[in-house]
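K.L.:
this is a predicted model, with the sequence first.
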Amino acid sequence: MQANLTDILQQLNTLTDEKKKKFYLKQKISEEILGINLGPLRKLAGDLGTQHALGQELWNTNIYEARVLATMVLDPTLLDEEDINRLLTQTDSKTLIDELSFQTFERISDRKARMKHWIEDSSPKFRQAGWNMAVLLVIEQQLEKQELETLLEIIEKSLVDADVYSQFSMNRCLSEIGIHNDDLTQRCLEIAERLGVYRDWKVSKGCTSPYAVDWINVVRKKRNKA
């Protein structure tokens, strides 16, 4: 479906939800917030398909939901180094960096090299993107044993004192390594238990705690039952 920016913004304004807006405000999102659930945005993105120019226009609005939609319709093959750096530096919202990571950057080239470079970057936002890239590569089983060991060494040393941008992504990486690599599961559980990050995190009934010990055990149990 071909559409222009004006049409899309009009559609977005019909999807607003006040409760969602209040939820996003609590997350300290830096962009203008309309208050739209992800479901309608994903459906709209599916209708639009890849439309790079429209994605750029949506991003430039500085509207949170428009930027989320942009991450879904941008063409990663058309992003050069300057574009990628600009996308990461133009937002302070952790959730939007996650959307960039898992919707857009998952399809860029040289992912392993970027992961290794970004997790050592001086910018917390780039480090978050780097650990998100590590999560993708772990899930896709694209990393060698030594690369996984190196990630675990960094996590073991740095997770407790990690910045607010990187910590959750590092913790997820620890969990995903433990979930997808039987020979490293016990080591991941031991690291998680010793560090105790998110151990006391309160979660709603039926939700899985981000505490990596619980996360690993719950997901592996579900997978074994499947």
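P.N.:
Nice, thanks for sending it over.
K.L.:
OK, contacts around the residue nearest the centre of the chain?
P.N.:
Per CA atoms, centre = their mean, the C-alpha nearest to the average position across the chain is that of residue 98, at 2.5 Å. For residue 98, the contact set (CB atoms under 8 Å, 6 or more residues apart in numbering) comprises 128, 132, 169. In short, each C-beta sits where N, CA and C put it, glycine included.
K.L.:
quickly find the element holding it.
P.N.:
helix 94-99 (DSSP states H and E).
K.L.:
tell me which residues in the longest helix along the chain are buried?
P.N.:
Looking across the chain with DSSP state H, the single longest helix is helix 124-139. For helix 124-139, the neighbour count (16 or more other CB atoms under 10 Å) marks 124-138 as buried.
K.L.:
how about low-confidence regions in the protein?
P.N.:
For the chain, applying pLDDT under 70 flags the ranges 226.
K.L.:
any idea where the helices of it begin and end?
P.N.:
Taking DSSP H to define them, one finds helices in the chain at 5-13, 18-26, 38-48, 52-60, 64-73, 81-89, 94-99, 111-118, 124-139, 145-158, 167-180, 185-195, 212-225.
K.L.:
hang on, the earlier thing: contacts for the longest helix of the chain?
P.N.:
88-89, 91-92, 94, 97-98, 100-102, 105-106, 111-112, 114-121, 143, 148, 151, 163-166, 169-170, 172-173, 176-177, 180-181.
K.L.:
show me how to select, in PyMOL, the buried members of those.
P.N.:
Applying 16+ other CB under 10 Å to the contacts of helix 124-139, the buried members can be selected in PyMOL as follows:
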select buried, resi 88+91+94+97+98+100+101+105+106+111+114+115+118+119+143+148+151+165+166+169+170+172+173+176+177+180+181
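K.L.:
any idea how many residues pack against residue 193?
P.N.:
Residues near residue 193, counting by other CB atoms under 10 Å, number 12.
K.L.:
state the distance from it to residue 82.
P.N.:
Look at residue 193 and residue 82: by CB to CB, to the nearest Å, they are 43 Å apart.
K.L.:
again with residue 29
P.N.:
25 Å.
K.L.:
more crowded one of the two?
P.N.:
residue 29 (20 against 8).
K.L.:
count of neighbours near residue 210?
P.N.:
When neighbours are defined as other CB under 10 Å, residue 210 has 17 of them.
K.L.:
do the same with residue 19
P.N.:
Using other CB under 10 Å, residue 19 has 9 neighbouring residues.
K.L.:
what sits closest to it if chain neighbours are left out?
P.N.:
residue 35 (7.5 Å; CB to CB, 6 or more residues apart in numbering).
K.L.:
is it true that the one you found touches residue 24?
P.N.:
Yes: taking CB atoms under 8 Å as the definition, residue 35 is a contact partner of residue 24 at 6.4 Å.
K.L.:
looking at these two, which one has more neighbours?
P.N.:
Using other CB under 10 Å, the more surrounded residue of residue 35 and residue 24 is residue 24, with 20 against 17.
K.L.:
could you count how many residues lie near the residue nearest to that one when sequence neighbours are not counted?
P.N.:
Nearest residue to residue 24 in three dimensions, chain neighbours excluded: residue 33, at 4.8 Å (CB to CB, 6+ apart). Using other CB under 10 Å, residue 33 has 19 neighbouring residues.
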